[in-house]
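A.B. asks: Structure, please.
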Amino acid sequence: MKNKFKLKEIPARLKNRFGILRKKIDESKYRSVLVWIFQIAVVLVFAAMTSLFFFRTVTMQESAMEPTYQVGQNFFLNRVAYTFGSPKRGDLIVFKTNASDEAALHIRRVIGLPGETIQIKDGQIYIDGELYKESRDLDLIENAGLAQDGVTLQSGEYFVLGDNRNNSEDSRYADIGNVKKRYIVGKLWFVSSPLREIGFVKD
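C.D. replies: Reported below is the predicted structural model:
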């Protein structure tokens with residue numbers, strides 16, 4: 001009788017141990033799933049925070065940058081590009097004309113830097129008296145506007161033009177004028193749409 005009892009007892013013990021082991025495995029899998037979900041959540045939050053604080057989207061609302069970029073194209077804007085530096089000649093910047101949160105955003109190309117004198121004559125741009133040779137083939141400028149007799153930039157001021165030189169409201173006109181650095185929202189960084197145009201912005 002004693003041996004029979006042992007033979008019946010052993011399978012029961014093994015079954016109990018197997019149940020405990022399976023429970024531990026199930027708990028381990030459950031913890032792994034929770035860790036995986038947590039990691040994904042952290043990545044998503046980090047991506048959202050990065051997008052919120054460092055980048056934002058902007059849509060080309062004006063024809064001022066044609067033929068380089070078209071009305072309706074969407075971009076990611078780098079908001080921290082000029083936090084520790086300054087715009088360079090040729091940069092495509094996004095700026096406002098005043099400090100209002102509701103002020104319209106404009107996209108133009110930086111031509112003149114602080115301390116320089118910009119003049120437009122015979123349809124071409126002169127910087128401190130020297131002809132500025134552009135890296136792209138753009139139309140001669142028909143209206144020099146405020147730059148006809150030369151515009152000298154003060155500290156923190158930039159002279160901007162649209163690539164659509166004869167259909168662009170820019171630093172040649174009083175409504176825009178010289179762009180102050182404190183009104184620059186950021187640098188145009190990445191084309192997000194349309195699909196065929198996706199890629200980094202080329203200055």
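A.B. asks: Quick check: which element contains the residue sitting nearest the centre point of the chain?
C.D. replies: Centroid check for the chain by CA atoms, centre = their mean gives Leu77 as the closest residue, at 2.3 Å. Per DSSP states H and E, Leu77 falls inside strand 74-78.
A.B. asks: Wait, a helix at Arg196?
C.D. replies: Yes - assigned with DSSP: H, G, I helix; E, B strand; the rest coil, Arg196 falls within a helix.
A.B. asks: May I have the predicted confidence score for it?
C.D. replies: What the model reports as pLDDT for Arg196 is 87.
A.B. asks: Tally up the residues packed near it, please.
C.D. replies: 7 (other CB atoms under 10 Å). All C-beta spots, glycine's among them, are computed from the backbone N, C-alpha and C.
A.B. asks: which residues sit against whichever helix or strand comes after the strand holding Leu77?
C.D. replies: As assigned by DSSP H and E, the chain's next helix or strand after strand 74-78 is strand 92-95. Strand 92-95 is touched from outside by 58, 65, 77, 87, 105-110, 158, 160, 179, 183-188, 201, 203, with contacts defined as CB atoms under 8 Å, 6 or more residues apart in numbering.
A.B. asks: ok so, going back, what's the strand holding Leu77 packed up against?
C.D. replies: Judged by 3 or more CB pairs under 8 Å, 6 or more residues apart in numbering; DSSP states H and E, the packing partners of strand 74-78 are strand 55-59, strand 184-193.
A.B. asks: Neighbouring strands - and their directions - for that strand?
C.D. replies: Paired strands of strand 74-78, with direction, are strand 55-59 (antiparallel), strand 184-193 (antiparallel) (DSSP bridges).
A.B. asks: Buried deepest among those strands, which one?
C.D. replies: Ranked by mean neighbour count, the strands paired with strand 74-78 are led by strand 184-193 with a mean of 19 (mean count of other CB atoms under 10 Å).
A.B. asks: What mean pLDDT does that one get?
C.D. replies: pLDDT averaged over strand 184-193 gives 92.
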